[in-house]
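Enquirer: sequence? don't have it. structure:
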Ligand SMILES: NC(=O)C[C@H](N)C(=O)O
């Protein structure tokens, strides 16, 4: 049963092959059996899940169900969920139970989805390996000695190991797409403003965006249908009609123009370049027209992001002060001591590093040299994409420069970790949608093809992903521990 995609499970539920309770029990059992080794969940909520499953079964029986009713989902642990811990994988929020529900989780709940639990991540979404978690690293199910990517690492692991058919993630600079690539699943970061950020704990507010992670592009389309839409509680959420993403999956890609940025292939390993070019050739076979393009400012993406994101983080995270909620240090001698020790003890190293970088970049003497300059280079990067997307419909390239690496090998060197974000950061800086689709293996580890589209054109990305998955089977491959015969 767990091998099935979300779309297949939806059909099975509708046909009465199993109930939502049975399906939910099945996944809860898999989590119990396998997650000790994988560490993909921070919180599992069996009682709540079964209660929601029973309600879904009642709705199905009453004929009031929708396309997602009764299907299980896992949420990244930075979406506020009323009554269920929301930790952001930080000691700072280890005791935090949100008094309200995020719009994303509320939308999926009202679509009838069943919440299995909350997934592991890099602390406050800062990282690309899931090693920066207060709860310890999540492990890649293809090889448990390797990282699953991050920051939405737990969500990617849960889907890849078939502990959940779908999960939510968030992406500030690649946090949906890169772990999707490392774990061999599909993940889409929608256009900035497509999905509400209300109740999503903020990291960098001009970049953060939520999206689905699943086995297939079709599954992502189903879930994005319920996630996307206007929300007056998030002033950056756009009041723009939402496409029916599943309705547009059947379109032919004949004549579609795909651009390959030459900068994305300069210095790229032969192995990765071959995989990406083979995937693009497959799309060409289906009628797409491929041409080389240029994104001349690509090399500015890392310095720009790693000034702006920490700057925004330093202000967003100032709310964690030990006063109103979250961690508070023991026996402070005075207010200053409480602030200092609460933040020193409650935040992990990477979070502290970013707060310091961000505070420095925003400080009076350096604001123009760093923050203001980064805003200008952000504009150059956006202009590159805007120009390219006049010439082509979508841009294709690798999601990340490498496949997953061994736990512990990069965590000592934050800069080398930052450099690995080269292909994903620009997409957030320009507010564009991007999808990662599994496109093969390097040394037995999955890698992803990234497709970048025009603002609000998630439909085209999901359709290309879907068409690609009609003639390839990379997305169907799963790690040994998720093989039917082993369970
Ligand atoms: N949050 C993200 O989207 C991932 C990025 N690697 C970061 O650490 O900022």
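Expert: Here it is on my side, so go on. Computed from a predicted model, the values in this text were never measured in an experiment.

Enquirer: tell me the contacts of residue 69?
Expert: 13, 20, 56, 59, 60, 111, 112, 113 (Cβ atoms under 8 Å, 6 or more residues apart in numbering). The way it works is simple: take the backbone N, C-alpha and C, and place the C-beta from them, glycine included.

Enquirer: which SSE is the residue of the stretch 301-450 of the chain found nearest the ligand in?
Expert: Going by Cβ to the nearest ligand atom, the ligand is nearest to residue 421 of the stretch 301-450 of the chain, at 4.8 Å. Using DSSP states H and E, residue 421 sits in no helix or strand.

Enquirer: thought it was touching residue 174?
Expert: Yes - between residue 421 and residue 174 there is a contact under Cβ atoms under 8 Å: 5.1 Å.

Enquirer: Overlap of the contact sets of these two?
Expert: What both residue 421 and residue 174 touch, as defined by Cβ under 8 Å, 6+ apart, is the set 128, 400.

Enquirer: Count residues in the vicinity of the residue of the stretch 301-450 of the chain closest to the ligand, would you?
Expert: Residues near residue 421, counting by other Cβ atoms under 10 Å, number 24.

Enquirer: same question, the one 10 residues further on
Expert: For residue 431, the number of neighbouring residues by other Cβ under 10 Å comes to 19.

Enquirer: quick one, phi psi at the nearest residue to it once chain neighbours are set aside?
Expert: Leaving aside its sequence neighbours, residue 431 sits nearest to residue 192 (Cβ to Cβ, 6 or more residues apart in numbering; 3.6 Å). Backbone geometry at residue 192, expressed as degrees, to the nearest 10, gives phi -60, psi 130.

Enquirer: same thing with residue 436?
Expert: phi -120, psi 130.

Enquirer: burial measure for it, as a count.
Expert: Using other Cβ under 10 Å, residue 436 has 33 other residues around it.

Enquirer: The one 5 residues further on now?
Expert: Counted with other Cβ under 10 Å, residues neighbouring residue 441 total 16.

Enquirer: excluding its backbone neighbours, what's nearest it?
Expert: In space, and not counting its chain neighbours, residue 441 is closest to residue 447: 6.8 Å by Cβ to Cβ, 6+ apart.

Enquirer: what's the burial count for that neighbour?
Expert: By other Cβ under 10 Å, neighbour count at residue 447 equals 27.

Enquirer: tell me which element it falls in.
Expert: With DSSP H and E as the test, residue 447 turns up in strand 445-452.

Enquirer: Can you tell me what sits against the helix or strand just after that strand?
Expert: Heading C-terminal from strand 445-452, the first helix or strand you meet, by DSSP H and E, is helix 458-471. Identification of contacts with helix 458-471 by Cβ under 8 Å, 6+ apart yields 186, 188, 190-191, 194, 216-218, 220-221, 224, 228, 243, 245, 248-253, 256, 279, 282-283, 285-286, 288, 393-394, 433-435, 437, 439, 449, 451-454, 475.

Enquirer: about what we covered before: please look at the residue nearest to residue 441 and residue 439 and confirm they touch.
Expert: Yes - under the criterion of Cβ under 8 Å, residue 447 makes contact with residue 439 at 6.3 Å.

Enquirer: shared neighbours, those two?
Expert: Joint contacts of residue 447 and residue 439 (Cβ under 8 Å, 6+ apart) are residue 275.

Enquirer: What is the burial count for the residue of the stretch 101-250 of the chain found nearest the ligand?
Expert: Across the stretch 101-250 of the chain, the shortest distance to the ligand (Cβ to the nearest ligand atom) belongs to residue 175, at 3.1 Å. Other residues within reach of residue 175, judged by other Cβ under 10 Å, total 35.

Enquirer: Use 15 as the first number from now on
Expert: That works, and once the first residue is 15, the last one we named lands at residue 189.

Enquirer: quick one: contacts for the closest residue to it other than its chain neighbours?
Expert: Nearest in space to residue 189, with sequence neighbours left out and distances taken as Cβ to Cβ, 6+ apart, is residue 165 at 4.1 Å. Residues near residue 165 by Cβ under 8 Å, 6+ apart: 135, 136, 139, 140, 141, 142, 144, 146, 184, 186, 189, 193.

Enquirer: By neighbours, which of the residues you listed wins?
Expert: Among the contacts of residue 165, residue 193 has the most neighbours (other Cβ under 10 Å), with 39 neighbours.

Enquirer: picking up where we left off before, out of the contacts of residue 165, which sit inside helices?
Expert: Cross-referencing those against helices under DSSP state H gives residue 193.

Enquirer: how about the residues of the protein near the ligand?
Expert: Within the chain, the positions lying close to the ligand (Cβ under 6 Å from any ligand atom) are 139, 140, 141, 142, 165, 185, 186, 187, 188, 189, 323, 435.

Enquirer: what would the residues you listed look like in TSV with distance to residue 351?
Expert: Listed next are the residues of the chain next to the ligand as TSV, based on distance: Cβ to Cβ, whole Å:
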residue	distance to residue 351
139	29
140	26
141	29
142	34
165	31
185	37
186	32
187	34
188	38
189	34
323	30
435	36
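
Enquirer: Residue 393: which of those is nearest?
Expert: Checking the residues of the chain next to the ligand against residue 393 by Cβ to Cβ gives residue 323 as the nearest, at 16.3 Å.

Enquirer: Show me where the stretch 265-414 of the chain has its strands.
Expert: 271-275, 303-307, 408-412 (DSSP state E, counting those that start in this stretch).

Enquirer: Quick check: which of the ones you listed is buried the most?
Expert: Counting by mean count of other Cβ atoms under 10 Å, strand 408-412 has the highest mean neighbour count of the strands of the stretch 265-414 of the chain, with a mean of 25.

Enquirer: right, and residue 368 touches residue 330 too?
Expert: No - using Cβ under 8 Å, residue 368 is not in contact with residue 330, being 10.4 Å away.

Enquirer: out of these two, which sits in the busier spot?
Expert: residue 368 (26 against 18).

Enquirer: Let me know the pLDDT of that one.
Expert: The per-residue pLDDT reported for residue 368 equals 98.

Enquirer: And it, how far from residue 95?
Expert: 25 Å (Cβ to Cβ, to the nearest Å).

Enquirer: Outside of whatever helix or strand residue 48 lives in itself, which residues are in contact with it?
Expert: Assigned by DSSP H and E, residue 48 falls within helix 34-52. Helix 34-52 is contacted from outside by 15-16, 23, 27, 55, 58, 60, 63-64, 66-68, 70-71, 74, 83-86, 128, 130-131, 152-153, 155, 158, 171-172, 175-179, 495, 501, using Cβ under 8 Å, 6+ apart.

Enquirer: Just those: which are in helices?
Expert: Short answer: the contacts of helix 34-52 in helices (DSSP H) are 23, 27, 60, 63-64, 66-68, 70-71, 74, 171-172.

Enquirer: nearest to the ligand, of the residues you listed?
Expert: residue 171 (16.0 Å).

Enquirer: Can you report how many residues lie near the closest one?
Expert: Neighbourhood size, residue 171 [other Cβ under 10 Å]: 36.

Enquirer: does it really touch residue 154, like I thought?
Expert: Yes - using Cβ under 8 Å, residue 171 is in contact with residue 154, at 6.8 Å.

Enquirer: between those two, what contacts are shared?
Expert: With Cβ under 8 Å, 6+ apart as the test, residue 171 and residue 154 both reach 162, 197.

Enquirer: Adding pLDDT, write the residues of the chain next to the ligand out as CSV.
Expert: Shown next, in CSV, are the residues of the chain next to the ligand (pLDDT from 0 to 100):
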residue, pLDDT
139, 98
140, 98
141, 98
142, 97
165, 98
185, 98
186, 98
187, 98
188, 98
189, 98
323, 98
435, 96
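
Enquirer: All set, thanks.
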